[in-house]
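can you look at this prediction? I've put the sequence above it.
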Amino acid sequence: MDNRIYKPPQGGPLSFAEVFRMIQAGEEIPGLQKLDIKPSNQQPTVSQMLRKLKPWEKTIATALENFHSVLHVSSTV
């Protein structure tokens, strides 16, 4: 049996207030699987993709491209 499947608590679902109180008290929430997540302690990999430009960076890049194309056209005329 897959133990990742949600198992509803016996006695009906808990209210938000009950879950909140249990979390504050450090109690386990019935029906939830406790995951054992640990850091890998490995170096992060280098990104292979270029970062998308922010909207204001797109505006600046477009303006610079237009400016350079105008300079190129005017220097050849």
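That came through fine.

contacts and neighbour counts: CA atoms only from here.
OK.

which SSE is residue 36 in?
Here residue 36, judged by DSSP states H and E, is contained in no helix and no strand.

my read: residue 28 touches residue 21, true?
No - Residue 28 is beyond contact range of residue 21, at 10.8 Å (criterion: C-alpha atoms under 8 Å).

measure stretch 46-61 end to end?
Stretch 46-61 has an end-to-end distance of 25 Å (C-alpha to C-alpha, to the nearest Å).

for stretch 42-49, that is, sorry about that
20 Å.

who touches that stretch?
By C-alpha atoms under 8 Å, 6 or more residues apart in numbering, no surrounding residue is in contact with stretch 42-49.

surely residue 22 meets residue 16?
No - look at residue 22 against residue 16 with C-alpha under 8 Å: they stay out of range, at 9.9 Å.

show me where the protein has its helices.
Applying DSSP state H to the chain gives helices spanning 16-25, 55-76.

rank the ones you listed by pLDDT, which is bottom?
Between these, the one with the least mean pLDDT is helix 55-76; it has a mean of 73.

mind putting the helices of the chain into TSV with mean neighbour count and distance to residue 46?
Listed next are these as TSV, based on neighbours: other C-alpha atoms under 10 Å; distance: least, C-alpha to C-alpha, whole Å:
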stretch	mean neighbour count	distance to residue 46
helix 16-25	12	37
helix 55-76	11	23
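
same list (the ones you listed) but as CSV, adding distance to residue 38.
As requested, the helices of the chain are arranged in CSV below (distance: least, C-alpha to C-alpha, whole Å):
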stretch, distance to residue 38
helix 16-25, 21
helix 55-76, 37
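
buried stuff in stretch 25-34?
By neighbour count with 16 or more other C-alpha atoms under 10 Å, stretch 25-34 contains no buried residues.

hey, C-alpha coordinates of that stretch in CSV?
What follows is stretch 25-34, C-alpha atoms only, in CSV (Å, rounded to 0.1, in the frame of the first residue of the first chain):
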residue,chain,number,x,y,z
ALA,A,25,1.4,22.5,20.7
GLY,A,26,3.9,20.5,18.5
GLU,A,27,1.5,17.6,18.1
GLU,A,28,1.4,15.4,15.0
ILE,A,29,-1.6,16.0,12.7
PRO,A,30,-3.4,12.7,12.2
GLY,A,31,-3.5,11.4,8.6
LEU,A,32,-0.4,13.3,7.4
GLN,A,33,2.8,11.6,6.4
LYS,A,34,5.9,12.9,8.2
